[in-house]
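**Q** when you get a sec, could you give me coordinates for this:
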Amino acid sequence: MEVLSISLWVVVVLIVVALAFDFMNGFHDAANSIATVVSTRVLKPHQAVLMAAFFNFAAIFIFHFKVATTVGSGIIDQGIVDHYVIFGALVGAIIWNIVTWYYGIPSSSSHALIGGLVGAAVAKAGTWALIPAGIWKTVAFILVSPLLGFLLGTLLMLAVSWIFVRSTPSRVDRWFRRLQLVSASLYSLGHGGNDAQKTAGIIWMLLIAAGYLKTSDPFPMWVAVLCYITIALGTMFGGWRIVKTMGQKITKLKPVGGFCAETGGAITLFLATSLGIPVSTTHTITGAIVGVGSSQNVAAVRWGIAGNIVWAWVLTIPCSAFMAGIAWYLGRMLLA
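**A** Got it, this is the predicted structure:
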């Protein structure tokens, strides 16, 4: 890979922009970690975000950096990466996140970033710069992660209903108000483990392009720590517009349903992160919530709202890619 002449100030500015995206990722996706535990009133909002932020950061001690490696070297050819590509990818993803946050749409920050990389790379070098295997793996999990979340959420809800069939509703509620603290913590752990690594992969890619690291060097721990701290801070500030959509509008949840949705989502995230696949925490928890709701009563799910969310999933990669392509052209003027 050709080492580019990129001034230190440009590298620093782009790292700051990357961390801004990471913060927004936590802010935007905080709903994924806490929507169910807040909506079931097991925790107050400020308690929930503090818990989620703690486990977002704690994920650094649990997961390897496989997702960061996929983002940094498995989506676009590293040989075409420069500061313009990084700028375009980040700005495209940030703009899409702002639009969807404003309208309270739980879209995927992960896929916004992947779309940003794709759009900036194509704007610079054409479609040959894309790595089909990495892109198809990511795109496939647009379907796989919500379907797996749906399946696990449904099966867990059915299993719990069978196990506690002779228990009184008050007893079930009491037990699962406690157990939901565990499931929400696990989901936040999976959220931090998968999402923080995506920004870390972008910064790693930038440092290699600028000549500060070699591809053979170990993944820099300071980058990982910075990204995990930043996403945890973003989660602390939360995104309450999306909490309302995720926790109240799709279906009404009780603590037992929240536990099943979070546990099903956490299992999905742990699996994807161990395989190095950047997935959407939004897609995952939405699928799990719909699975829990439909296992009780198909009519309990507001399918119109769920359908609008799916449209946001479909549009995220092409829209963020388009925005990133425009940002790439602007970056060539601003960072020249």
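**Q** the spatially closest residue to Thr154 that is not a sequence neighbour and Pro146: what is the separation?
**A** Spatial nearest neighbour of Thr154, excluding adjacent residues (C-beta to C-beta, 6 or more residues apart in numbering): Gly291 at 4.0 Å. In this view, the C-beta of every residue, glycine as well, is placed from N, C-alpha and C. As defined by C-beta to C-beta, to the nearest Å, Gly291 lies at a distance of 9 Å from Pro146.
**Q** ok so, going back, by contact count, what packs against the strand or helix carrying the residue nearest to Thr154?
**A** Using DSSP states H and E, Gly291 sits within helix 281-296. Helices and strands touching helix 281-296, by 3 or more C-beta pairs under 8 Å, 6 or more residues apart in numbering; DSSP states H and E, are helix 8-39, helix 132-163, helix 169-209, helix 255-274, helix 303-334.
**Q** out of these, which comes closest to Thr100?
**A** Nearest to Thr100, of all these, is helix 303-334, at 6.3 Å by C-beta to C-beta.
**Q** any buried residues in that closest one, and which?
**A** Under the neighbour-count criterion of 16 or more other C-beta atoms under 10 Å, helix 303-334 has 306, 309, 312-313, 315-317, 319-328, 331-332 buried.
**Q** avg pLDDT for it?
**A** Across helix 303-334, the average pLDDT comes to 82.
**Q** distance between it and the chain's centre?
**A** Centre-to-centre, helix 303-334 and its host chain are 15 Å apart (C-alpha atoms, centre = their mean, to the nearest Å).
**Q** between helix 132-163 and that helix, find me the angle.
**A** 150 degrees (axes from the mean of the first three to the mean of the last three C-alpha atoms, to 10 degrees).
**Q** which helices and strands does helix 303-334 pack with?
**A** By 3+ C-beta pairs under 8 Å, 6+ apart, helix 303-334 packs against helix 83-102, helix 109-125, helix 281-296.
**Q** between these, which one is closest to Phe150.
**A** helix 281-296 (3.8 Å).
**Q** can I get the helices and strands packed on helix 281-296 in TSV with distance to Thr100?
**A** As requested, the helices and strands packed on helix 281-296 are exported to TSV (distance: least, C-beta to C-beta, whole Å):
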stretch	distance to Thr100
helix 8-39	7
helix 132-163	15
helix 169-209	15
helix 255-274	19
helix 303-334	6
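**Q** in CSV, list the helices and strands packed on helix 303-334 along with mean neighbour count and mean pLDDT.
**A** Output for these, formatted as CSV (neighbours: other C-beta atoms under 10 Å; pLDDT from 0 to 100):
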stretch, mean neighbour count, mean pLDDT
helix 83-102, 24, 90
helix 109-125, 27, 93
helix 281-296, 28, 82
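**Q** let's have these in a markdown table, adding distance to Val13.
**A** A markdown table is the format used below for the helices and strands packed on helix 303-334 (distance: least, C-beta to C-beta, whole Å):
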| stretch | distance to Val13 |
| --- | --- |
| helix 83-102 | 9 |
| helix 109-125 | 16 |
| helix 281-296 | 28 |
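**Q** three-state assignment of Cys227?
**A** Three-state call for Cys227 (DSSP: H, G, I helix; E, B strand; the rest coil): helix.
**Q** can you pull the contacts of it?
**A** 19, 22, 196-197, 199-200, 203 (C-beta atoms under 8 Å, 6 or more residues apart in numbering).
**Q** Val37 too?
**A** Val37 touches 43, 48, 180-181, 184, 258, 262, counting by C-beta under 8 Å, 6+ apart.
**Q** and the residue lying closest to it once chain neighbours are set aside, how many neighbours?
**A** Nearest residue to Val37, sequence neighbours excluded (C-beta to C-beta, 6+ apart): Ala184, at 4.2 Å. A count of nearby residues for Ala184, using other C-beta atoms under 10 Å, gives 29.
**Q** from what I see, Ala184 and Ala48 are in contact.
**A** Yes: contact criterion C-beta atoms under 8 Å: Ala184 and Ala48 qualify, at 7.2 Å.
**Q** any idea how far Leu334 is from the nearest residue to Ile15 once chain neighbours are set aside?
**A** If the residues on either side of it in the chain are set aside, Ile15 comes closest to Ile203, at 5.7 Å by C-beta to C-beta, 6+ apart. As judged by C-beta to C-beta, Ile203 and Leu334 stand 19 Å apart.
**Q** how about Val310?
**A** From Val310 to Leu334 the distance is 35 Å (C-beta to C-beta).
**Q** got any ranges where the stretch 101-250 of the chain has weak pLDDT?
**A** 104, 106, 238-250 (pLDDT under 70).
**Q** these two touch, right, Val11 and Ala210?
**A** Yes: if you go by C-beta under 8 Å, Val11 and Ala210 touch, sitting 5.2 Å apart.
**Q** which neighbours do those two have in common?
**A** With C-beta under 8 Å, 6+ apart, Val11 and Ala210 have common neighbours His83.
**Q** number of residues surrounding Phe237?
**A** Count around Phe237 with other C-beta under 10 Å applied: 14.
**Q** to clarify, my last question referred to Leu253.
**A** Neighbour count for Leu253, taken as other C-beta under 10 Å: 24.
**Q** check what pLDDT it gets.
**A** For Leu253, the model assigns a pLDDT of 72.
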